[in-house]
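Colleague: I'd like to go over a predicted model; first the sequence, then the structure.
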Amino acid sequence: MRKCSLWTFLPPMYSVFTAVGLWVVYFIAVEDKKITPLDSEYRRNGSRFPPYISIAGNAPPASCVFSQVMNLAAFVGFIIGVLRYLQLRNRVDKPWLNIGGLVAVSLACFGMTLVGNFQLSSDEDVHNVGTSMTFGLGTLFCWVQSVITLKVNLRNEGRKAAIPRFLLSGSITICVVLYFSLMAQRLHMHAARTQWALVMFFLSFFGTFAVEFRHYHFEVVCTDDREQPLSQSETFSEVPEYQTDQL
């Protein structure tokens, strides 16, 4: 049995640790009586706020953890997006689709840093821009990757990987529409629950990249100036076929 690449653990670890970090923020905020628990009813006259993720991470000490979680999640999410782009670069028929996916995930990750570092109480406008970038461009990235998965069909696993991705993309889209609709109607508890479900669907989608990453090994090659330079410093090899493509 051929070995599975260690890179396969990156997407699920990213999903799990980011989810754990966000739930830690939630429980800190609940313990400090900043937000209403998700399983309770929200009372407008009460001292607690609805359990939106942003409100949970709005005040210290939860805001300190929230900023760290969002910054690390944005960085690792960007890395996963770049690795996915490199993986598909020589295999996708329409390069603009792959490039579009990379741009979308890059901007979505930048939006995550805005959400994490500009709390609602400090700069609501910038925070909301970051939220729109994260949810809007993140949803676009999910749909693009679902389509590419089916078209490229890496290792003849395209359909097996595409089906859950299309289902997750559909769930994410429904949650985005439902979230903003409930917000407009001021149904805050339902909107908050929808937001938490939305984020968990996003993280689950990123975790599915383990399917393709298990076949690939990514490495950075450092060369001396006196040696003949490569076209670029990144190379990756397909483990089962023992082929190396220089990028």
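Modeller: Perfect, thanks for sending it. Numbers count the residues shown, from 1 in each chain.
Colleague: helix or strand next in line after the longest helix that the chain contains, which one?
Modeller: In the chain, assigned by DSSP state H, the helix with the most residues is helix 124-152. Next helix or strand after helix 124-152 toward the C-terminus (DSSP states H and E): helix 158-184.
Colleague: wait, what's in contact with Phe202?
Modeller: Contacts for Phe202 were tallied using Cβ atoms under 8 Å, 6 or more residues apart in numbering; they are Gly138, Cys142, Ile172. The way it works is simple: take the backbone N, C-alpha and C, and place the C-beta from them, glycine included.
Colleague: about what we covered before: which elements pack onto the longest helix of the chain?
Modeller: In terms of contacts (3 or more Cβ pairs under 8 Å, 6 or more residues apart in numbering; DSSP states H and E), helix 124-152 is packed against helix 62-88, helix 95-117, helix 158-184, helix 188-207.
Colleague: is it true that Pro60 lies in a helix?
Modeller: No. Under DSSP: H, G, I helix; E, B strand; the rest coil, Pro60 falls outside any helix and is assigned coil.
Colleague: roughly how far does it sit from Trp196?
Modeller: 21 Å (Cβ to Cβ, to the nearest Å).
Colleague: the more surrounded of those two?
Modeller: Trp196 (20 against 13; other Cβ atoms under 10 Å).
Colleague: that older thread, between the helices and strands packed on helix 124-152, which one is nearest to Ile55?
Modeller: helix 188-207 (8.1 Å; Cβ to Cβ).
Colleague: which is the next helix or strand following that closest one?
Modeller: helix 210-213.
Colleague: may I see the buried residues of that following helix?
Modeller: Ala210, Val211, Glu212, Phe213 (16 or more other Cβ atoms under 10 Å).
Colleague: by mean pLDDT, flag the weakest helix or strand of the chain.
Modeller: strand 243-246 (a mean of 39; mean pLDDT, DSSP states H and E).
Colleague: and Phe218, helix, strand or coil?
Modeller: Phe218 ends up strand, using three-state DSSP.
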